[in-house]
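>>> quick one, structure for this:
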Amino acid sequence: MGIVAGMHLALVFFVARGLGFVPAVFENKTVATIIEEPVRPDDPLPRVDTPLEPASVPFLPEPDTPPVDQDPPPDVITSRLVPVNEIPHETGTGTAEVVPQIVNARQDPRHPLSRPAYSPAEIRAGSQGSADVEVYVMPNGRVGDARILRSTGFERLDRATIEEAKRNWRLVPATRDGQPIAQWYRLRVVFKLTDQ
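The predicted model follows:
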């Protein structure tokens, strides 16, 4: 059916073209003509007989330097160290922002960290390794949260580490300008069979 319809369309096209309804399509042809020109050798560059002289450098005088034994003028900044007690203290006139002084959390020597329970089943199985644990030290020094960053490879040892940290560990909290703040603190717990 499609072939018959196509043939009808082609027939209608040729009849319409023959009657002048559809203009014939002519292609524009580009005609090129080759013109032969004689090849001329390049003209040689003229020869320069005068030697080139270096460009003249303007004379720059030496900068004036004060003699060493004289004091510098008063508007020159010197590198003399000023003791802290000689610095004038002005209040309310500075434009610099004060950067808070932060001291990170750390272990409290008054409260040594207790070792996590090393279960007898893990000892019998010969399980040992180290875990990197991160604890969230609250402003009161207690551990608010704990997470394992690098596992021992044994789920019971990792769980014992987290439980011990949350239940019993106490650290010195971080401070900002002397005020305690919460902060994450990272440490490593080692489980070795020789320590038992």
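>>> after the longest helix anywhere in the chain, next one along is what?
If you go by DSSP state H, the chain has its longest helix at helix 2-19. Once helix 2-19 ends, the next helix or strand along the chain (criterion: DSSP states H and E) is strand 102-103.
>>> show me what that next one is packed against.
When contacts are defined as 3 or more C-beta pairs under 8 Å, 6 or more residues apart in numbering; DSSP states H and E, strand 102-103 packs onto strand 174-176. C-beta coordinates here come from the backbone N, C-alpha and C atoms, glycine included.
>>> parallel or antiparallel, list what pairs with the strand it packs on.
strand 102-103 (antiparallel), strand 179-181 (antiparallel) (DSSP bridges).
>>> who wins for proximity to residue 141 among these?
Among the strands paired with strand 174-176, the nearest to residue 141 by C-beta to C-beta is strand 179-181 (7.9 Å).
>>> pLDDT of the helix or strand following the closest one, averaged?
Using DSSP H and E, the helix or strand that follows strand 179-181 in sequence is strand 183-191. What strand 183-191 shows for mean pLDDT is 92.
>>> low-confidence ranges, the protein, go.
20-96, 195-196 (pLDDT under 70).
>>> and if we set it to 90?
Across the chain, the ranges flagged by pLDDT under 90 are 1-102, 108-111, 117-124, 126-128, 192-196.
>>> for the longest helix of the chain, packing partners?
By 3+ C-beta pairs under 8 Å, 6+ apart, helix 2-19 packs against no helix or strand.
>>> as a markdown table, the strands paired with strand 174-176 with distance to residue 113 and mean neighbour count would be great.
Shown next, in a markdown table, are these (distance: least, C-beta to C-beta, whole Å; neighbours: other C-beta atoms under 10 Å):
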| stretch | distance to residue 113 | mean neighbour count |
| --- | --- | --- |
| strand 102-103 | 19 | 13 |
| strand 179-181 | 19 | 14 |
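>>> redo the ones you listed as TSV? Include distance to residue 147.
TSV is the format used below for the strands paired with strand 174-176 (distance: least, C-beta to C-beta, whole Å):
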stretch	distance to residue 147
strand 102-103	22
strand 179-181	19
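>>> out of those, which comes closest to residue 187?
When the strands paired with strand 174-176 are compared for distance to residue 187 using C-beta to C-beta, the nearest one is strand 102-103, at 17.0 Å.
>>> and the contacts of the closest one?
With C-beta atoms under 8 Å, 6 or more residues apart in numbering as the test, strand 102-103 has contacts from 174-176, 181.
>>> out of the residues you listed, grab the one that's most surrounded.
Each of those was scored for neighbours by other C-beta atoms under 10 Å, and residue 174 scores highest at 19 neighbours.
>>> I figured that residue hits residue 105, correct?
Yes - Residue 174 lies in contact with residue 105 (C-beta atoms under 8 Å); the separation is 4.3 Å.
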